[in-house]
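Visitor: generate a structure from the sequence data that follows.
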Amino acid sequence: MNFIPYANEADVLTIGGLTIENRLDRITVSGDIDLTADQAGLAHARALHRLLGDVVKQLEAHKDLPQQLPPPAVETVDNPFA
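Guide: So this is what the prediction gives:
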């Protein structure tokens, strides 16, 4: 998959135990990862490095970034299975 930061509300990328979710105004990273001193750890580190480099490029391309975005709106809904 070609994960382009801030391009849509649909892309999800997994690196090790991390889940990276694309949004139009934020990238959400959740989970955990061990960057072990082996080939697998190197592959994970390279993937994270590439992802964060792409995020920085996208952010630097916007000259009118706000100082800080408000937190995302959270809506509570009734449990449909209750």
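
Visitor: wait, doesn't His44 sit right on Leu35?
Guide: Yes. If you go by Cβ atoms under 8 Å, His44 and Leu35 touch, sitting 5.8 Å apart. Every C-beta, even on glycine, is put in place using the N, C-alpha and C of the backbone.

Visitor: more neighbours, those two?
Guide: His44 (19 against 13; other Cβ atoms under 10 Å).

Visitor: ok, residues contacting the host helix or strand of that one?
Guide: Using DSSP states H and E, His44 sits in helix 39-61. Contacts with helix 39-61, where a contact means Cβ atoms under 8 Å, 6 or more residues apart in numbering, come from 3-6, 13, 15-16, 18, 20, 27, 33-35, 65.

Visitor: and with 6 Å instead?
Guide: Contact partners of helix 39-61, identified using Cβ atoms under 6 Å, 6 or more residues apart in numbering, comprise Pro5, Tyr6, Ile15, Gly16, Ile27, Ile33, Leu35.

Visitor: for the fourth one, which non-adjacent residue is spatially closest?
Guide: The spatial neighbour of Gly16 that comes closest, neighbours along the chain excluded (Cβ to Cβ, 6 or more residues apart in numbering), is Ile33 at 3.7 Å.

Visitor: show me what contacts the one you found?
Guide: Ile33 sits next to Gly16, Gly17, Leu18, His44 when contact means Cβ under 6 Å, 6+ apart.

Visitor: helix, strand, or coil at it?
Guide: Secondary structure, DSSP: H, G, I helix; E, B strand; the rest coil: Ile33 is coil.
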